[in-house]
Each structure stands twice: as C-alpha cells, then as structure tokens.
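> output the structure for:
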Amino acid sequence: MAKKKSQKPPAKTRTEPVPVSTVSVPSALGDGEVRLYDLRKSSLPDVPVTPPEAETAEWSFWLVHFPSRRCVPVKGDRGEAMAAMKKLGRGQDVAGVLPPKPAKASRARARVCVTPEKPEGETGGQGEGEKEAPANRMAYTPVPEGADFDQAMAHVFPVARLTQHFERLLMAEEDVFDKDGNCTGSKPAFTTQFQTLKALTEWHQGRPREREKKKDTKPVLGIQELRQKLLISPEYRQAMLEMIRDCEAQAAAMAGKGTQPPLKG
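Take a look at the predicted model:
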C-alpha cells in the first residue's frame with residue numbers, strides 16, 4: 001500500500017493583541033481610532049517603528065493610533081492612561097500620538113482685474129513697441145470728483161468698514177508648523193491683536209502724552225449758593241459781616257486819598 005503523505009500543520013497566523021480600551025478620534029483631528037495596550041497583559045501590535053526595550057520595560061501603558069499605527073507611551077499608571085483616552089475622545093491630542101495634519105493649501109486672495117476704459121477716439125498715445133499697462137491690478141474705490149482729502153477718506157473708509165476691519169484684526173490668527181514644515185494648526189496672532197487693541201485704546205482714551213492734564217479749579221459760589229451758606233451757618237454770616245466792615249473802612253480810606261482799589265485778574 002502506498003504511504004499517505006504527511007500533511008503539514010497549517011501555519012499559525014499572528015493575531016492582533018487585545019487592547020485595554022479603544023476610542024474614536026474626532027474628525028477635527030483626522031478620524032481613525034486610538035487603542036490602549038497594557039504590556040503586562042499583551043504585546044504591542046505591529047508598528048512601523050518599534051520602541052526601544054528600555055521604554056517598553058519602563059512604561060506599561062501604550063497608545064497606538066490606527067491606521068497610522070503611531071505609538072507613544074503613557075508615562076503614568078492606569079488612571080493616567082484612561083484619562084488620556086478620555087482627552088482623545090474629547091478632541092485633545094495626547095503625547096503626540098496623532099499624526100500631524102497635512103499642510104494647508106495656500107489661501108488664495110481674490111483680486112478684481114480692472115481694465116481702464118478709454119474715451120472714444122482716444123488711442124492712449126502709445127507708440128510702437130510700448131507695452132500697455134498691466135490689467136491685473138486690484139480695483140480701488142473711486143473718489144468723487146472735487147472731493148478734498150477729508151471727504152475722500154470719509155467716502156472710501158466709512159465708519160462701518162473701519163469697525164469691521166478692527167474686529168477682524170482682533171481675531172487674527174497665524175499658522176503653526178512643525179519641524180518638517182507641516183501645518184499643525186493655528187494660534188492667535190498676539191502681535192497683530194495687541195497693536196489693534198492699542199490703536200483702539202489710544203483712539204478711545206488718547207495717547208498718554210497727548211491727554212490734557214486736569215486743572216484743579218475751585219468752584220465759584222453763585223448768589224443762591226452763597227445765600228444758602230449764609231442761612232445755615234452763623235459763623236459764616238459773622239465772618240461775612242466782619243469782611244464787609246473791613247471793606248467799607250478800606251474803601252473810605254482810599255476814597256479820601258483819591259485812589260482806586262487794585263483789580264485782581
């Protein structure tokens with residue numbers, strides 16, 4: 001009888017280790033999911049860059065992003081690892097586990113191309129070989145004929161337009177790039193925002209050197225205020241009578257000498 005050929009046992013396929021927890025990444029951070037592994041209970045899945053043995057021996061909990069399979073350790077215990085997963089679920093990157101976002105496309109600025117119209121019969125006065133002026137110039141707001149500078153400024157820059165630009169500059173942002181030149185997000189443009197806020201404050205309060213210093217002026221009593229003060233204060237009435245008697249005596253003495261009392265400015 002012919003011997004039966006021995007069948008080889010089927011090759012064992014490597015199964016992915018079971019994570020401790022899994023969380024979906026919000027669309028704002030690029031979608032995908034992050035899995036948490038405990039190296040005391042399982043191993044890491046296949047990753048493009050195998051972490052050093054020293055790190056896997058020191059840290060037990062590791063985060064792995066899918067589908068990029070980018071992995072980073074959680075430098076803490078199980079509580080900190082679960083807190084990191086909650087942050088990822090709320091849209092916060094933790095320890096750089098999420099891959100950087102692709103660079104944003106350059107923002108195109110819309111410009112209005114204006115070709116100046118020429119009156120009928122006018123050729124422009126250009127000879128052969130002369131080039132016409134480029135037509136891809138941004139359009140400007142026309143100014144009424146005969147308007148002076150203040151009138152032209154008020155026409156081109158009305159109050160509503162200025163306030164809208166101020167509000168836009170107060171919310172100015174600038175892109176943030178990593179060392180590879182990829183745009184990772186944006187942050188407030190603090191310099192632009194501060195200069196705008198400074199200009200608004202100076203407009204509202206005036207520059208410190210240009211502000212008028214307050215002059216201490218003593219209030220002048222009117223007839224009604226003086227009468228009210230005399231009615232309620234015996235001491236004030238007595239002082240006023242003595243001052244009147246002194247003035248009468250001084251006026252009589254000066255009248256005898258033919259002089260006039262000096263006028264105080």
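
> just the buried positions in the host helix or strand of L162, please.
Taking DSSP states H and E as the criterion, L162 maps to helix 159-170. For helix 159-170, a neighbour-count test (16 or more other Cβ atoms under 10 Å) marks L169 as buried. Where you see a C-beta, it was placed from the backbone N, CA and C, and this is true even at glycine.

> which residues touch it?
T192, Q193, T196, L197, A199, L200 (Cβ atoms under 8 Å, 6 or more residues apart in numbering).

> kindly give a single ChimeraX line that selects the buried subset of those residues.
Buried subset of those, written as a ChimeraX selection, criterion 16+ other Cβ under 10 Å:
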select :196
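
> ok, the contacts of helix 159-170 vs Y236, which is closest?
L200 (49.9 Å; Cβ to Cβ).

> who's in contact with that closest one?
F166.

> could you measure from it over to R168?
Counting by Cβ to Cβ, to the nearest Å, the separation of L200 from R168 is 13 Å.

> repeat that for D38.
D38 is 50 Å from R168, by Cβ to Cβ.

> tell me the one among the contacts of helix 159-170 nearest to A152.
Closest to A152, out of all of the contacts of helix 159-170 and judged by Cβ to Cβ, is A199, at 21.4 Å.

> next, work out how far apart the nearest residue to the closest one once chain neighbours are set aside and S21 are.
Using Cβ to Cβ, 6 or more residues apart in numbering and skipping residues adjacent in sequence, the residue nearest A199 is F166, 7.9 Å away. As judged by Cβ to Cβ, F166 and S21 stand 48 Å apart.

> where exactly do the strands run in the stretch 51-200 of the chain?
Here the stretch 51-200 of the chain has its strands, by DSSP state E, counting those that start in this stretch, at 61-66, 70-73, 173-177, 183-188.

> who wins for proximity to A28 among these?
When the strands of the stretch 51-200 of the chain are compared by Cβ to Cβ, strand 183-188 sits nearest A28, at 10.0 Å.
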